[in-house]
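Novice: here's my sequence, what's the structure:
(one chain, ligands or ions: 2)
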Amino acid sequence: MSWILSNSLTFFQKFCINVLKCGPIPQHVAFIMDGNRRYAKQQQIDKQTAHSRGFDKLAETLQWCLELGIREVTMYAFSIENFKRSPEEVDALMNLAREKYARLMEEKDKLMAEGVRISVIGNLDLLPQDIRKSIAEAMIMTRNNNRLFLNVAMAYTARDEITTAIKEITNGVNVGVLDSEDIDEELLNHCLYTNRGHKIDVIIRTSGETRLSDFLLWQAGFVNIFTTNVLWPSFSIWQLLGMIFKYQRNYYELKNITDQIKVKELSIKKEIFLDKLVLYRMAILEQYTTVCS
Ligand code: FPP
Ligand code: MG
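Specialist: Ligands and ions are numbered 1, 2, ... in the order given. Coordinates of the predicted model:
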């Protein structure tokens, strides 16, 4: 299945989406896509097929989010901890990723027409070289799109993300671009992988688990977390719309809290450092694309 689906919603689904769109819509929704292996057991299919159906659900969910006017979606596809699974399962997931990221380039026209910006967030050095190359090509190709930001977390954990940000800041201090007094919450926030996007409003986890599992720990300070017992490949538009409705009911209460959090302006020195960081990260991506497969 492709990443960007053409419109397959029923009249009634579109009607419900339009009703919800009269209220506040979250700008950024993150998904912990959990329950693929339990789905495999339940449906008596192999794990690989279940993960592949998990990808199909990711594509469907993206379409629902686009219709709803959600500007940014982050999907937890593979955590650093997932490398500890059996070599067969890790290989199967990597093969799925290989196939789907290669497909991204074939879908270039659709991605550009829909204005989708792809970012794969995580420690890309832990991924096989050829996958890294496809990811870097897709990220560079779509970097100026701005209708829908799609972040796929792969080889990701929040602790690793925060550690990487701290290392980058320390390096900034060591080379004299920053002083240690410049280090504050705002700066760290801007050094995370999600720095170019919208703040996260909602995290959705399927399969009945209520853990964050090392996902977006820093960013999750003030978000609505919704869970459902449904296993990821069975997640439906009705569960998503129900969660958006709950978000709308909580909206003003949470807004009152978050409005009190003052966002500090960045100093010129920090802006310079962050511009350098963007260039540095882009140079790494460019380097990944030059590797021969
Ligand atoms: C969690 O279910 C799911 C995963 C670890 C893999 C998720 C990956 C996809 C949906 C495909 C994404 C592919 C690309 C290319 C982005 P689980 O395996 O933990 O199942 P369980 O909770 O039932 O054990
Ligand atoms: Mg799981």
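
Novice: isn't residue 245 right next to residue 22, touching?
Specialist: No. Using C-beta atoms under 8 Å, residue 245 is not in contact with residue 22; the gap is 11.6 Å. Placement of C-beta: from N, CA and C, glycine included.

Novice: with neighbour numbers in mind, choose between the two.
Specialist: residue 245 (13 against 8; other C-beta atoms under 10 Å).

Novice: on the pLDDT front, check the more buried one for me.
Specialist: pLDDT, residue 245: 97.

Novice: state the distance from it to residue 220.
Specialist: 21 Å (C-beta to C-beta, to the nearest Å).

Novice: what does residue 272 give?
Specialist: Using C-beta to C-beta, one gets 29 Å for the distance from residue 272 to residue 220.

Novice: list the buried ones in the host helix or strand of residue 273?
Specialist: Using DSSP states H and E, residue 273 falls within helix 268-289. Using 16 or more other C-beta atoms under 10 Å as the test for burial, helix 268-289 gives 270, 273-274, 276-277, 285, 288.

Novice: biggest separation within these, which pair?
Specialist: 270 and 288 (27.1 Å; C-beta to C-beta).

Novice: which strands and helices sit next to the helix holding residue 273?
Specialist: helix 129-142, helix 158-174, helix 185-191 (3 or more C-beta pairs under 8 Å, 6 or more residues apart in numbering; DSSP states H and E).

Novice: from those, which stretch is densest packed?
Specialist: Using mean count of other C-beta atoms under 10 Å, the stretch among those with the greatest mean number of neighbours is helix 129-142 (a mean of 20).

Novice: ok, then the element right after that one?
Specialist: Heading C-terminal from helix 129-142 (DSSP H and E), you reach strand 148-156.

Novice: quickly run through the sheet partners of that following strand, with directions.
Specialist: Using DSSP bridges, strand 148-156 pairs in its sheet with strand 72-79 (parallel), strand 116-121 (parallel).

Novice: ligand 1 is nearest to which of those?
Specialist: Ranking these by proximity to ligand 1 (C-beta to the nearest ligand atom) places strand 72-79 first, at 3.9 Å.

Novice: skip the chain neighbours and tell me the closest residue to residue 16.
Specialist: The spatial neighbour of residue 16 that comes closest, neighbours along the chain excluded (C-beta to C-beta, 6 or more residues apart in numbering), is residue 241 at 5.7 Å.

Novice: C-alpha coordinates for the helix or strand hosting the one you found, CSV please?
Specialist: With elements taken from DSSP H and E, the one containing residue 241 is helix 237-259. Once non-C-alpha atoms are left out, helix 237-259 reads as follows in CSV (Å, rounded to 0.1, in the frame of the first residue of the first chain):
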residue,chain,number,x,y,z
ILE,A,237,-11.6,6.3,12.0
TRP,A,238,-14.4,6.2,14.6
GLN,A,239,-11.8,5.7,17.4
LEU,A,240,-9.8,8.7,16.1
LEU,A,241,-12.9,10.9,15.8
GLY,A,242,-14.0,9.9,19.3
MET,A,243,-10.6,11.0,20.6
ILE,A,244,-10.7,14.3,18.8
PHE,A,245,-14.1,14.9,20.4
LYS,A,246,-12.6,14.2,23.8
TYR,A,247,-9.8,16.6,23.0
GLN,A,248,-12.4,19.2,22.2
ARG,A,249,-14.1,18.7,25.5
ASN,A,250,-10.8,19.1,27.4
TYR,A,251,-9.6,21.9,25.1
TYR,A,252,-10.3,25.0,27.2
GLU,A,253,-9.2,23.5,30.5
LEU,A,254,-5.8,22.5,29.0
LYS,A,255,-5.5,25.8,27.1
ASN,A,256,-5.9,27.7,30.4
ILE,A,257,-2.9,25.8,31.8
THR,A,258,-0.7,26.0,28.7
ASP,A,259,-1.4,29.7,28.2
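
Novice: which strands and helices sit next to it?
Specialist: Packing partners of helix 237-259 (3+ C-beta pairs under 8 Å, 6+ apart): helix 11-20, helix 47-68, strand 202-205, strand 224-227.

Novice: against residue 7, how distant is the closest residue to residue 224 other than its chain neighbours?
Specialist: Closest residue to residue 224 apart from its sequence neighbours, by C-beta to C-beta, 6+ apart: residue 202 at 4.9 Å. For residue 202, the distance to residue 7 equals 23 Å [C-beta to C-beta].

Novice: those two: which has the busier surroundings?
Specialist: Counted by other C-beta under 10 Å, residue 202 and residue 7 do not tie: residue 202 has more neighbours, with 21 against 8.

Novice: now do the contacts for the more buried one.
Specialist: Neighbouring residues of residue 202 by C-beta atoms under 8 Å, 6 or more residues apart in numbering: 26, 28-30, 223-226, 243-244, 247.
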